[in-house]
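>>> Need the 3D shape of this:
(one chain, ligands or ions: 1)
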Amino acid sequence: MLQETGNLYLAVADDLARMITDGRWRTGDRVPSVRGLATERRVSPTTALAALRALERRGLVEARPKSGYFVRLKLRATAALPVTRPSQRPQPIQIQGRVGAVISASLEPGTIQLGSGLPDPAWFPTDVLERMLRQAVRESPRLLGEYGPLIGLAPLREALSRRYAEFGCTIDPDEFVVTNGCMNALTIALSAVTRPGDVVAIESPAYFGFLLLLETFGLKALEIPTDFRTGLSVEALSAALSAPGGERVRAVLLTSSHSNPTGATLPEESRRALAALAQKHDLAIVEDDIYGELSHAGERPRPIKAFDASQRVITCSSFSKSLAPGARLGWVAGARYADAIRLRHLTTSVASPASAQRAVAEYLDSGRYTRHLQRVRAKCAENVDRVADAVERHFPAGTRMTLPKGGFLLWVVLPAGYDSLELWERARAARVSIMPGHLFSVTGRYRSSLRLNCSLPWTPRVDAALATLGRLAKQSMTAGGKS
Ligand SMILES: Cc1ncc(COP(=O)(O)O)c(C=O)c1O
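Okay, the predicted model is just below:
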């Protein structure tokens, strides 16, 4: 019998979830009984039942009286969301004003933050981290009295290297630079591989943080058609790179897994093809892997960096979505650009707080991280499903949405003619924040779409906020609304 830990049921649930998301079990199929599952998986009936209940909370199975559990029918029309068709031309960016207005409005007190991209703070083991932080400083007061190594504390870089090895990506501890969060990592990566005026290819829709970054550096964005399940179209990128008379693309900036806002994850063949394209066209890939650990079904996609034969893939991430956003700890592994990246780090941040690095390294070494991630992933899956159900109940007929397999963000597409900016205005007055779709494109596309944060603890107040959004959405039809 497998060792029965408190989280064994989540491992079983993850495994079963994969059977469903991979299509091995289909809608309406009967799932093995509690007893059958217990025998098959060599776990206790209590663990088997807990696993089935976890799947039920994620919306993947439903219990039918006296018959057992069945794979649940999902009504969502995700498959019908077409690949996007952004402008074919590189565009200069002016988005700061638009983003600033939405972000400052969302900070108004009493607002229900369905627009934010932040995870629920209650997910994180702050008590354990606080203890480790205090112990670290007590044992080594120098962690406060000195900068520490500029590229980051060796124990943290070594722990990161071991973690990457676990999911099949070899990175030497000395290739990492520990940064102040992922945004900082992306900043130094981009500044190392581009000059003002250069063209950078991005997903479309793309995280507005990327657009702000490109604007800050005076870069132009080439938005690439994107699929809501499989991410940036490598074929479209390849065509753009080879287009006669096209401007040279210096870098690709993208989120490889459970992207913000699409939830899309690049399949392995696209990762391989992207790495090969980078070599062929001598361009850098700046990979943001911040949601990589948050797959609902547990499988951890290998970063694009794992396929990088020519050392052109820079991978960036942080603990902001998975462990401790307030620690402001991220990292970048710089491939052939590592020296330039170290220099940029020195001139932007010098170093990251050593005490936080020591505490997080200790946490990773303690073996708690894997168990913690299982809980966070289960939460993500459960919450996304709840919010999606509420959208189905409350929003105008014909609304479609993504069905992300990881993370906690949901992209909602209102029927043509509805306007998410108008909805944002109305929702603001009702103290509910959303992220209107036009913030995710250089040219203000996606006016019928919006991004929702599903991490909020599920309460009647959140359900009521989604009902309010649905009601206001129905009033947001404007002559100017465009998809
Ligand atoms: C795709 C993506 N990259 C980077 C960040 C920022 O990460 P950090 O807080 O570690 O700087 C976010 C936060 O929302 C994000 O969604």
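
>>> Tell me the spacing between the spatially closest residue to N180 that is not a sequence neighbour and the ligand.
Once flanking residues are discounted, N180 sits nearest to R328: 4.8 Å by C-beta to C-beta, 6 or more residues apart in numbering. From N, CA and C alone the C-beta is placed, and that goes for glycine too. With distances taken as C-beta to the nearest ligand atom, to the nearest Å, R328 is found 7 Å from the ligand.

>>> same thing with I103?
11 Å.

>>> Following element in sequence after the helix or strand containing that residue, please.
For I103, the element it lies in under DSSP states H and E is helix 96-106. Using DSSP H and E, the helix or strand that follows helix 96-106 in sequence is strand 112-113.

>>> pull the longest helix from this protein.
helix 368-394 (DSSP state H).

>>> Tell me which residue of this protein is furthest from the middle?
K66 (39.0 Å; C-alpha atoms, centre = their mean).

>>> mind checking which helix or strand that residue is in?
Counting by DSSP H and E, K66 is part of no helix or strand.

>>> Quick check: phi and psi on R250?
phi -90, psi -30 (degrees, to the nearest 10).

>>> The one 4 residues further on now?
Taking degrees, to the nearest 10, you get phi -160, psi 160 for the backbone angles of L254.

>>> and the stretch 101-250 of the chain, which residues reach the ligand?
117, 181-183, 207, 209 (C-beta under 6 Å from any ligand atom).

>>> which among those gets closest to L143?
G181 (19.1 Å; C-beta to C-beta).

>>> I'd guessed that closest one sits against W331; true?
No - at 9.6 Å, G181 and W331 do not qualify as touching, with contact defined as C-beta atoms under 8 Å.

>>> Give me the common contacts of the two.
S318 (C-beta atoms under 8 Å, 6 or more residues apart in numbering).

>>> Who has more neighbours out of these two?
W331 (26 against 22; other C-beta atoms under 10 Å).

>>> give the contact list for the most centrally placed residue in the chain.
For the chain, the residue sitting closest to the mean C-alpha position, by C-alpha atoms, centre = their mean, is Y291 at 3.4 Å. Applying C-beta under 8 Å, 6+ apart, one finds that Y291 lies in contact with 255, 257-260, 321, 406-407.

>>> Same check on D463?
Contacts of D463 by C-beta under 8 Å, 6+ apart are A390.

>>> that older thread, which other helices and strands contact the helix holding I103?
helix 208-216 (3 or more C-beta pairs under 8 Å, 6 or more residues apart in numbering; DSSP states H and E).

>>> and after the helix it packs on, which helix or strand comes next?
Following helix 208-216 in sequence, per DSSP H and E, is strand 220-224.

>>> ok, residues contacting the following helix or strand past that following strand?
Next helix or strand after strand 220-224 toward the C-terminus (DSSP H and E): strand 226-227. For strand 226-227, contacts defined as C-beta under 8 Å, 6+ apart pick out 83-84, 203-205, 232-233, 262, 264.

>>> Give the pairing partners of strand 226-227; include direction for each.
strand 231-232 (antiparallel) (DSSP bridges).

>>> in terms of contact, does L241 touch H281 like I think?
Yes - with contact defined as C-beta under 8 Å, L241 reaches H281; the gap is 4.9 Å.

>>> Give the residues shared as contacts by the two.
The contact lists of L241 and H281 share V249, where a contact means C-beta under 8 Å, 6+ apart.

>>> tell me which residues of the least confident helix or strand in the chain by mean pLDDT are tucked away?
Least confident helix or strand of the chain, by mean pLDDT, DSSP states H and E, is helix 8-21 with a mean of 83. Buried positions in helix 8-21, judged by neighbour count with 16 or more other C-beta atoms under 10 Å: 8-14, 16-21.

>>> Stretch 318-337 too?
In stretch 318-337, counting by 16+ other C-beta under 10 Å, buried: 318-325, 327-335, 337.

>>> Can I get stretch 86-98 in CSV, CA atoms only?
This file holds the C-alpha atoms of stretch 86-98, laid out as CSV (Å, rounded to 0.1, in the frame of the first residue of the first chain):
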residue,chain,number,x,y,z
PRO,A,86,-4.5,40.6,-34.7
SER,A,87,-2.9,43.3,-36.9
GLN,A,88,-0.1,41.9,-39.1
ARG,A,89,2.1,45.0,-38.6
PRO,A,90,4.5,45.9,-35.7
GLN,A,91,2.9,48.6,-33.6
PRO,A,92,4.4,51.2,-31.3
ILE,A,93,2.6,51.1,-28.0
GLN,A,94,0.7,53.6,-25.9
ILE,A,95,-1.1,51.8,-23.2
GLN,A,96,0.1,53.3,-20.0
GLY,A,97,-2.8,55.7,-19.7
ARG,A,98,-5.4,53.0,-20.3
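
>>> List of residues touching it?
199, 204, 208, 211-212, 214-215, 219-225, 240, 247, 438-439, 441-445.

>>> so for the helix holding I103, what's the average pLDDT?
On average, the pLDDT along helix 96-106 is 86.

>>> That helix vs helix 208-216, what angle?
140 degrees (axes from the mean of the first three to the mean of the last three C-alpha atoms, to 10 degrees).

>>> in helix 96-106, what counts as buried?
In helix 96-106, counting by 16+ other C-beta under 10 Å, buried: 98-99, 102, 106.

>>> Likewise for stretch 260-273?
Neighbour count says stretch 260-273 has 260-266, 270-273 buried, by 16+ other C-beta under 10 Å.

>>> tell me, which of these make contact with the ligand?
Near the ligand, by the rule C-beta under 6 Å from any ligand atom, you find N260 out of these.

>>> and of the buried residues of stretch 260-273, the nearest to the ligand?
Nearest to the ligand among those is N260, at 3.8 Å by C-beta to the nearest ligand atom.

>>> Any idea how many residues pack against P244?
So P244, with other C-beta under 10 Å, has 4 neighbours.

>>> Against A273, how distant is it?
21 Å (C-beta to C-beta, to the nearest Å).

>>> What is the nearest of the contacts of Y291 to D365?
For those, the nearest to D365 is K321 (20.9 Å; C-beta to C-beta).

>>> Next, the contact list for that closest one, please.
Here K321 is in contact with 119, 290-291, 293-294, 407 (C-beta under 8 Å, 6+ apart).

>>> And the helices in the stretch 1-150 of the chain?
8-21, 34-41, 45-57, 96-106, 126-139, 142-145 (DSSP state H, counting those that start in this stretch).
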